[in-house]
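Peer 1: Build me a model from this:
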Amino acid sequence: MSTERVEFIGHSGDRLAARLDLPDGPHLATAIFAHCFTCSKDIPAARRIASRLSAMGIAVLRFDFTGLGHSEGEFANTTFTSNAEDLVAAAAYLAGRNMPPALLIGHSLGGAAVMRARADIAGIKAVVTLGAPFDPAHVTHNFHSALPEIARHGKARVQLAGRSFIIGQDFIEDISRADLTTRIETLDAALLVLHAPQDATVGIENASDIFTAARHPKSFVTLDDADHLITDPDDAEYAAEVIAAWAARYLDLRPPAPPIGAPEGVIRVTEADASGFLQDVNAGPFHHALADEPLAYGGTNKGMSPYGFLAAGLGACTSMTLRMYARRKDWPLTHVWVDVTHDKVHAQDAGGTASSPKIDSFKREIHLSGPLDSAQRQRLLEIADRCPVHKTLESAAHITTLLAD
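Peer 2: Here you go, the predicted structure:
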């Protein structure tokens, strides 16, 4: 993923700071991420979700609302409506770059904002909310004790998450008038609601109200014991995985033809955790896996090891090859599974010399089910050696390594 620092003009003419996370491969779709109340575009959950989506070919624009983060303007002069207008401005900016958004993602009050703004943004296919309130006025519980002062003086300074903000009466009045029921009923886009049952900031009943008001297609996925800000990396990764898998059903993510010399496209492996060995493995926009090392070798054991992937490739190829052959012959093979183990043995064990180095040894045990006779079973055993991955492992492969610019 590469990231551009960009700016665009918000609802009031102020410059809004943004990050545009771009896929390293083909750009297949675009999303906008709206952050939570008084948060910023750089919260960990936003970064993780953007990273996962960009690996699928989806560019993600995450920006600071007016008066927050690195954006210009006075937060005290903003309202819930102006947040929605900033989202519309973000969509216009992307359209001007010939990459109009098809997906809106909003966290907390940002989730309410994307539902509010959707009707004013053309081409949206899907909307995702994370910990979003059904009633935007719910946010006032964060500074309930300051409401009398705001009513008397038109504004008040409040402390939120250890920082000082000025909340104006216009914000209070605007958010008290905000009714999302009709907006949700007429969303005209697929909706995914993500919420944690133990969310102490925005209760789970909000997710239920949003889901009930929405029309199909709609989905509701629990974030289990995640907190409101989704601060645990594992929870953020889970949310990212769910959004990525769900979005693929509603966005056109058909990749272009693979490059010459790579008939199956590019397998991209990206470091996911610089403190360990966890890797994101992506094969185009639809297939994702994690690679790691066991705990004993300094990893976190969240995915198969590289040798595990190698053994899996041999096992999968063997099973597929046997199925294709049995299907062509119309043989009664009802089920097949392959157990593969990997070891290194000294070359002399395989007929080499005593001074020869170790070589890789794969043991493949094939299980066949169905009323096959002995001749058919023996023939399938022979066919297993015709598996393309088997042949690749037995032959000398040529690897060309280049250092990218």
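Peer 1: now the helices for the stretch 151-300 of the chain?
Peer 2: With DSSP state H, counting those that start in this stretch as the definition, the stretch 151-300 of the chain shows helices at residue ranges 169-177, 181-185, 204-213, 233-247.
Peer 1: Let me see the contact set for the nearest residue to Ile150 once chain neighbours are set aside.
Peer 2: Distance criterion CB to CB, 6 or more residues apart in numbering; nearest residue to Ile150, sequence neighbours excluded, is Ala156 at 4.6 Å. C-beta: built from backbone N, CA, C; applies to glycine. With contacts defined as CB atoms under 8 Å, 6 or more residues apart in numbering, Ala156 is in contact with 143, 146, 149-150, 166-167.
Peer 1: Considering the residues you listed, which possesses the most neighbours?
Peer 2: Ile167 (24 neighbours; other CB atoms under 10 Å).
Peer 1: Excluding chain neighbours, what is closest to it?
Peer 2: Nearest non-adjacent residue to Ile167, counting by CB to CB, 6+ apart: Val158, 5.6 Å away.
Peer 1: Can you pull the phi/psi pair for Ile366?
Peer 2: Per-residue torsions, Ile366: phi -100, psi 130 (degrees, to the nearest 10).
Peer 1: Begin at 647, not 1, for the rest of this chat.
Peer 2: With 647 as the first residue, the last one maps to Ile1012.
Peer 1: For the residue nearest to Ile796, give the beta-bridge partners.
Peer 2: Taking DSSP bridges, one finds Ile813 as the beta-bridge partners of Ala802.
Peer 1: what helix or strand is Asp688 on?
Peer 2: Using DSSP states H and E, Asp688 maps to neither a helix nor a strand.
Peer 1: List the contacts of it.
Peer 2: By CB under 8 Å, 6+ apart, Asp688 lies in contact with 665, 708, 715.
Peer 1: got the angle between the one helix or strand Arg708 maps to and helix 879-893?
Peer 2: Using DSSP H and E, the element containing Arg708 is strand 704-709. Between strand 704-709 and helix 879-893, the angle comes out at 120 degrees (axes from the mean of the first three to the mean of the last three CA atoms, to 10 degrees).
Peer 1: next SSE after strand 704-709?
Peer 2: Toward the C-terminus from strand 704-709 - assigned by DSSP H and E - lies helix 726-742.
Peer 1: Check which residues of that following helix are buried.
Peer 2: Neighbour-count burial for helix 726-742, with 16 or more other CB atoms under 10 Å as criterion, is recorded at 726-737, 739-740.
Peer 1: Stretch 650-660 too?
Peer 2: Going by neighbour count (16+ other CB under 10 Å), the buried part of stretch 650-660 is 654, 656-658, 660.
Peer 1: Repeat that for stretch 847-863.
Peer 2: Buried residues in stretch 847-863, defined by neighbour count with 16+ other CB under 10 Å: 847-849, 852-853, 855-857, 859-860.
Peer 1: so which of these would you say is closest to His981?
Peer 2: Phe857 (39.3 Å; CB to CB).
Peer 1: For Tyr884, see how far away that closest one is.
Peer 2: Per CB to CB, to the nearest Å, Phe857 is found 19 Å from Tyr884.
Peer 1: picking up where we left off before, out of the buried residues of helix 726-742, who's nearest Phe780?
Peer 2: When the buried residues of helix 726-742 are compared against Phe780 (criterion: CB to CB), the nearest one is Phe726, at 13.5 Å.
Peer 1: got a winner among the contacts of Asp688 for most neighbours?
Peer 2: Most crowded among the contacts of Asp688, counting by other CB under 10 Å, is Arg708 at 26 neighbours.
Peer 1: Give me the pLDDT value at that residue.
Peer 2: pLDDT recorded at Arg708 is 96.
Peer 1: now Pro904
Peer 2: pLDDT, Pro904: 63.
Peer 1: Same check on Gly742?
Peer 2: Confidence score, pLDDT, at Gly742: 94.
Peer 1: Look up the closest residue to Thr946, ignoring the ones flanking it.
Peer 2: The shortest distance from Thr946 to any non-neighbouring residue, by CB to CB, 6+ apart, is to Gly922 (5.2 Å).
Peer 1: measure that neighbour to Ala872 for me?
Peer 2: Computed as CB to CB, the Gly922 to Ala872 distance reads 22 Å.
Peer 1: cool, and Gly1016?
Peer 2: 46 Å.
Peer 1: about what we covered before: quick one: strands adjacent to the strand holding Arg708?
Peer 2: As assigned by DSSP bridges, strand 704-709 forms pairs with strand 661-668 (antiparallel), strand 675-680 (parallel).
Peer 1: residues in contact with it?
Peer 2: With CB under 8 Å, 6+ apart as the test, strand 704-709 has contacts from 652, 654, 662-669, 673-679, 681, 687-688, 692, 695-696, 699-700, 717, 732, 736, 739-740, 745, 747, 749, 751, 893, 897, 899, 931.
Peer 1: What subset of these is buried?
Peer 2: In the contacts of strand 704-709, the ones that pass as buried (16+ other CB under 10 Å) are 654, 662-669, 674-679, 681, 687, 692, 695-696, 699-700, 717, 732, 736, 739-740, 745, 747, 749, 751, 893, 897, 899, 931.
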